[in-house]
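Colleague: heads up, no residue letters with this:
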């Protein structure tokens, strides 16, 4: 593919995702609110993210997409799998 063709395909992907997931402004405002609430203690100086935090980010992102986009059965499986991964990373037994 030529460079401009990548740009054309990317533009179409953005359009398709907006139709499916909703506008990016609403999605990322929703996600930012969720992340500020979810990670308020991790936003302090010297606090570090761990693997479970990275999975928690994906959970919050999935929930934001569910809030702003059209219903998608995949969201249930993705969300559940992220929760299972979170459990695996935080289970102390």
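Modeller: Looks like it came in fine. Source: prediction; values computed, not measured.
Colleague: C-alpha from now on. contacts and neighbour counts both.
Modeller: Fine.
Colleague: do you know how far the most centrally placed residue in the chain is from residue 72?
Modeller: Taking Cα atoms, centre = their mean, the centroid of the chain lies closest to residue 61, which sits 2.3 Å from it. From residue 61 over to residue 72 the distance is 14 Å, taken as Cα to Cα, to the nearest Å.
Colleague: same question, residue 5
Modeller: Here the criterion is Cα to Cα. By it, residue 5 lies 29 Å from residue 72.
Colleague: what does the pLDDT read for residue 42?
Modeller: Looking at residue 42, its pLDDT stands at 88.
Colleague: returning to what we had before: what's the closest non-adjacent residue to the residue nearest to the centre of the chain?
Modeller: residue 31 (6.1 Å; Cα to Cα, 6 or more residues apart in numbering).
Colleague: thinking residue 21 is in contact with residue 65, fair?
Modeller: Yes: when contacts are counted by Cα atoms under 8 Å, residue 21 is listed as touching residue 65 (6.0 Å).
Colleague: didn't residue 69 look like it was pressed against residue 24?
Modeller: No: with contact defined as Cα under 8 Å, residue 69 does not reach residue 24; the gap is 10.0 Å.
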